[in-house]
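*Asks:* Return atomic coordinates for the entry below.
(chains A and B)
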2 protein chains.
Amino acid sequence: MERLRRTLERIPELDEEAMREARARQDRLTKPQGSLGVLEEISVRMAGIFGEPRPRPARKAVIVMAADHGVTEEGVSLYPPEVTAQMVLNFLSGGAAINVLARHAGAEVRVVDIGVGSRVEGEGLIASKVRPGTSNMALGPAMSREEAVAALEVGIEVAEAEIERGVRFLAAGDMGIGNTTAASAITACLSGLDPREVTGRGTGLDDRALEHKVEVIRRALEVNRPDPSDPLDVLSKVGGLEIAGIAGVMLAAAAARCPVLVDGFISGAGALIAAGLQPRAVDYMFASHLSVERGHRVILERLGLRPFIHADMRLGEGTGAALAFFVVDAALKILDEMATFEEAGVSGPE
Amino acid sequence: MERLRRTLERIPELDEEAMREARARQDRLTKPQGSLGVLEEISVRMAGIFGEPRPRPARKAVIVMAADHGVTEEGVSLYPPEVTAQMVLNFLSGGAAINVLARHAGAEVRVVDIGVGSRVEGEGLIASKVRPGTSNMALGPAMSREEAVAALEVGIEVAEAEIERGVRFLAAGDMGIGNTTAASAITACLSGLDPREVTGRGTGLDDRALEHKVEVIRRALEVNRPDPSDPLDVLSKVGGLEIAGIAGVMLAAAAARCPVLVDGFISGAGALIAAGLQPRAVDYMFASHLSVERGHRVILERLGLRPFIHADMRLGEGTGAALAFFVVDAALKILDEMATFEEAGVSGPE
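*Replies:* Reported below is the predicted structural model:
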C-alpha cells in the first residue's frame, strides 16, 4: 500500500510553459494552423509531459500483463482458460501479434505473469504472480483488497524497472481469457450504465452467449455490490489481476513523466481504475485505437481521451497501442523537423 | 489519349487464389478470427494485389502533384495562390509536413509541377506543367478536355517511372491553393449531392467565407453543366490539374498491380475520377485517414473504402497517406510473421 500511496502522491502537473512553447512553434510551421489535428494536440501534450518544448521520440516498451479469471467457470468465453498460459509462451517466443507489431514499432515487449492460473515459466518472463487467477466474481469477490493493491504495486514496480532501464514511452496490454467480462463489470459499475451497454462479444460470442455474459456480469455486480466511489473496491470485487497491473503501470508512468498508451477495452479498464485513484494520471495517457468492444468507447469518453485508429480491432495484448507509437512519434517529428513560414519563405493567410 | 486508354485496359483483376490462401493463413494465426479487423482485410487484399499469399512490405513513394486554380480569383481560400509555388520549394528542401512524415514512414517524396501558376524550379522537381494553373471555373471550364487527358497522362507517366525504379507502394498527395473548391465541385457533381453537403472550410474559412465558397461552386456547376456520366467532362470543367495527375497515378498503379493510398479530400477526388474511368482501379486503392473536409467521407463511401486513421487532419500533401504506410506494413507483417495455433501449441475455441 505504501508504494501505491507514494506513486499517487508523486504524479506531477504537466509543464504548462513547455506546452505554450510547443503550441507557439506548431502555429509557425508551414501549414494552416490546426491542419494536422490530433497530431498537433499530441505533440503539445507530449511537450507538457516531458517538460520539453521540442520533445523527441523516446525508447519504447509494451508491458503485457497476463492473468486468469475465475469467472470463466460461467462459460463467458469461447476459449478455454489454459490459452492464457499458452499465449504467454507464445509472447515469450515472439510469435504473437503483439511481438510482430512491437517489433514493427521499434518497441520491446515485457511479459508479466501477474496471475496466470497455471504454472508458467520461460526466458524473459517477469514472474510476479499475486495469485493463480481470480475467484469467480459471479459468486463473490474476484480477489481481496490486499491482493488488488499487491497487483497494482506489481504494475508500478514493472513500469519503474522499465523507466530505470531508459524506457520513456510505455504501452500497457493484456492477456487473460475471460477478461472482457471483468472489464465490462468495472465499466458498468464506474459509469453507472447497464451491463448490456458496455458488454461485447469478446473473442467472438454469438447472440445467446452474449446474453448469458451480460447476465453473469449483472449477477457479479449484485452479489458483490462494489462501491463506485472506491476504485479499489471495484477492482478487487469485479476486476482482474492484469487490470490492476495495467492500472499500476499507468500510475507509475505518470509519476515518472512517462507517456503511456491505452490499448483496447481491458487496458482502458485499467486506465479507468488508475484515473479513479488519481485523476491527474490521465494527463499522461494517450488513447490509441477504438475497439469493437462497445464498453471501450464509454471508457475513453469518460477519460476524455480520443482514439485515432479505427480499425475494428479487438485482440488486446497492446496491439492497438503498438500501432499508435508510430503516430505519436510522427507528431513529435512534425513539431521538431518542419520548417516555419519564415524559414521556408512561405506566405501566411491574407 | 492513347496512353490513358492503354492504362485503363491493362488494369487486372485481383488474384483470388492468393487472397484465399492469405485468408486461410490469417484464420490459423494465434488470435481469434477477425480480431485484427481492418489489418486482416488489408493483408488479404494486398495478397490479391501482389498476387502473393504472403506479401512483404515494399518500397514506397509519395507523389505530390502541385497546381494552381483560377477560381482563387473568387476569394475561396485564405491563402494567396503564390503559396502553391512556395510550398513546392518547401517540399524540395524537405521542410514540409509530407517530407517529415514520409521520412518517418520510410517513403520517398516526388514533387510534380503539373500546373503551378508561376515558374518554379528546383533540384528534384519533376517539371511536367500542362498549363500554368486552371481557368476560373466560376466563369467557364477550368481546362479543355485535351488538357485534362494530358494531366492524367502526366500522372500515369510519373507513376510508371516510380514503378520502373522499383517502387511497389504509392501514395498520391496534392498541393494547390483553391483545390478544395475543385474537389467539392467534382464530388457534388458525381454524387448528386448539393454543394453545401460536400464543401468544407479548406485551410480555415469562417462561416461567411464558407457560404461564399458554396455559392462559387454552385455557379461553377451551373455555368459548366458537367456531365456526371463522363468523368473527363467533370474533371476538365470543374477539376484541377493536380486532381487529374492524382487520378493518373492511381490508374497507373492499378495497371501495374501496385497498391496506392488515397490521402485526403483532393486525393479522394482524384480517386473518384479514376474510379469513374475504370471501376476496377478501386481494388488497388486503400483509404488512409478521414479528413475534416466533409466531402471526403462522401467520396470514400462511394468508393467503398474505409479510412482507419481518424485524426482531424486537413492538410493534404499526402500526409494522411504517409501515416497509413505503417499500418499497411503492420498488416503484412502480421500475416507473414505471426505463429499459427499449431506452431505455438495454443488451443483454439472450444
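*Asks:* State whether A:Val120 is indeed within a helix.
*Replies:* No: according to DSSP: H, G, I helix; E, B strand; the rest coil, A:Val120 belongs to no helix; its state is coil.
*Asks:* For chain A, just list every one of the helices.
*Replies:* Taking DSSP state H to define them, one finds helices in chain A at A:2-10, A:16-26, A:37-50, A:82-93, A:97-105, A:145-164, A:179-191, A:207-224, A:231-238, A:241-255, A:265-277, A:294-303, A:319-337, A:341-344.
*Asks:* winner for burial among those?
*Replies:* helix A:241-255 (a mean of 33; mean count of other Cβ atoms under 10 Å in any protein chain shown). All C-beta spots, glycine's among them, are computed from the backbone N, C-alpha and C.
*Asks:* Could you pull up the residues touching A:Gly166?
*Replies:* Taking Cβ atoms under 8 Å, 6 or more residues apart in numbering or on different chains, we find A:Gly166 in contact with A:Arg59.
*Asks:* With chain B as the reference, measure out to it.
*Replies:* 22 Å (Cβ to the nearest Cβ, to the nearest Å).
*Asks:* separation between that residue and A:Pro53?
*Replies:* 22 Å (Cβ to Cβ, to the nearest Å).
*Asks:* likewise A:Leu303?
*Replies:* A:Leu303 is 26 Å from A:Pro53, by Cβ to Cβ.
*Asks:* Equivalent analysis for A:Val216, please.
*Replies:* 50 Å.
*Asks:* Same check on A:Leu305?
*Replies:* Distance of A:Leu305 to A:Pro53, given as Cβ to Cβ: 23 Å.
*Asks:* now do A:Glu337
*Replies:* 14 Å.
*Asks:* and the stretch 101-250 of chain A, which of its residues are near chain B?
*Replies:* Applying Cβ under 8 Å from any Cβ of the partner chain, we find that the stretch 101-250 of chain A lies next to chain B at A:Leu101, A:Arg103, A:His104, A:Thr203, A:Gly204.
*Asks:* which pair in the residues you listed spans the largest distance?
*Replies:* A:Arg103 and A:Gly204 (26.5 Å; Cβ to Cβ).
*Asks:* and A:Val260, bridged to which residues?
*Replies:* On the basis of DSSP bridges, A:Val260 is bridged to A:Leu170, A:Met285.
*Asks:* show me where pLDDT drops low in the stretch 251-350 of chain A?
*Replies:* Within the stretch 251-350 of chain A, no stretch has pLDDT under 70.
*Asks:* Get me the contact residues on it for chain B.
*Replies:* Counting by Cβ under 8 Å from any Cβ, the stretch 251-350 of chain A comes close to chain B at A:292, A:307-315, A:319, A:323, A:326-327, A:329-330, A:333-334, A:337-339, A:343-350.
*Asks:* go with 7 Å
*Replies:* A:292, A:308-315, A:323, A:326-327, A:329-330, A:333-334, A:337-339, A:343-347, A:349-350 (Cβ under 7 Å from any Cβ of the partner chain).
*Asks:* was I right about A:Gly37 contacting B:Ala311?
*Replies:* Yes: under the criterion of Cβ atoms under 7 Å, A:Gly37 makes contact with B:Ala311 at 5.0 Å.
*Asks:* follow-up on the earlier one: comparing A:Leu305 and A:Pro53, which residue is more hemmed in?
*Replies:* A:Pro53 (20 against 17; other Cβ atoms under 10 Å in any protein chain shown).
*Asks:* For the more buried one, give me the pLDDT.
*Replies:* With respect to pLDDT, A:Pro53 has a value of 98.
*Asks:* got it, and A:Gly48?
*Replies:* Here, the pLDDT recorded for A:Gly48 equals 98.
*Asks:* The residue lying closest to it once chain neighbours are set aside: neighbouring residues, count only.
*Replies:* Using Cβ to Cβ, 6 or more residues apart in numbering or on different chains and skipping residues adjacent in sequence, the residue nearest A:Gly48 is A:Leu14, 3.4 Å away. Neighbour count of A:Leu14, defined by other Cβ under 10 Å: 19.
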